[in-house]
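> A predicted structure for the sequence below; I have some questions about it.
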Amino acid sequence: MSSLGAAIALALLATLGYAALCALSPYGACRRCGGFGFMIRQNRRGRIVRGRECRRCRGYGQRIRIGRHLYNAATRLHREGTR
């Protein structure tokens, strides 16, 4: 198998793996708060306390994956176009 064929096979495998991940687990941890839903800060004594709610995920701690977002947009476009 040539190197081009191996690269194509690897890219196809990675794409199918990501599609399966988006189908099985459409939400991932928020990158900003790390999946907590709130910011972590320290008080004056150095103890870690709960900060304010994360603005990016609105306190849920989860974000929709890019692949799932694209899938939802495509199905919405198809549904609205075939009505």
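Ah, there it is.

> C-alpha only now, for contacts and for neighbours.
Noted.

> quick one, phi psi at Gly67?
The phi/psi pair for Gly67 (degrees, to the nearest 10) reads phi -60, psi -40.

> remind me which residues of the protein are low pLDDT?
Residue ranges of the chain with pLDDT under 70: 1.

> which residues sit in contact with the residue in it sticking out farthest from the centre?
The C-alpha centroid of the chain is most remote from Arg45, which lies 35.1 Å away (Cα atoms, centre = their mean). Neighbouring residues of Arg45 by Cα atoms under 8 Å, 6 or more residues apart in numbering: there are none.

> quick check, it in a strand?
No: using DSSP: H, G, I helix; E, B strand; the rest coil, the assignment for Arg45 is coil, not a strand.

> buried sites along the helix or strand where His69 lies?
In the assignment (DSSP states H and E), His69 maps to helix 66-81. For helix 66-81, the neighbour count (16 or more other Cα atoms under 10 Å) marks Gly67, Arg68 as buried.

> What of stretch 39-46?
Quick answer for stretch 39-46 (16+ other Cα under 10 Å): Met39.

> Use 2 as the first number from now on
All set: I'll call the first residue 2, so the last point we hit is now stretch 40-47.

> Just the CA trace of it, in CSV.
C-alpha atoms of stretch 40-47 as CSV (Å, rounded to 0.1, in the frame of the first residue of the first chain):
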residue,chain,number,x,y,z
MET,A,40,-15.0,29.5,37.5
ILE,A,41,-12.6,28.4,40.3
ARG,A,42,-10.9,31.1,42.2
GLN,A,43,-9.0,31.6,45.4
ASN,A,44,-10.1,33.6,48.4
ARG,A,45,-7.7,35.8,50.5
ARG,A,46,-6.6,32.8,52.6
GLY,A,47,-5.7,30.8,49.5
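
> For Asp33, which non-adjacent residue is closest in space?
Quick fix: residue 33 reads Arg, not Asp. With sequence-adjacent residues excluded and distances taken as Cα to Cα, 6 or more residues apart in numbering, Arg33 is closest to Arg57, at 7.1 Å.

> Right, I'll call it a day here.
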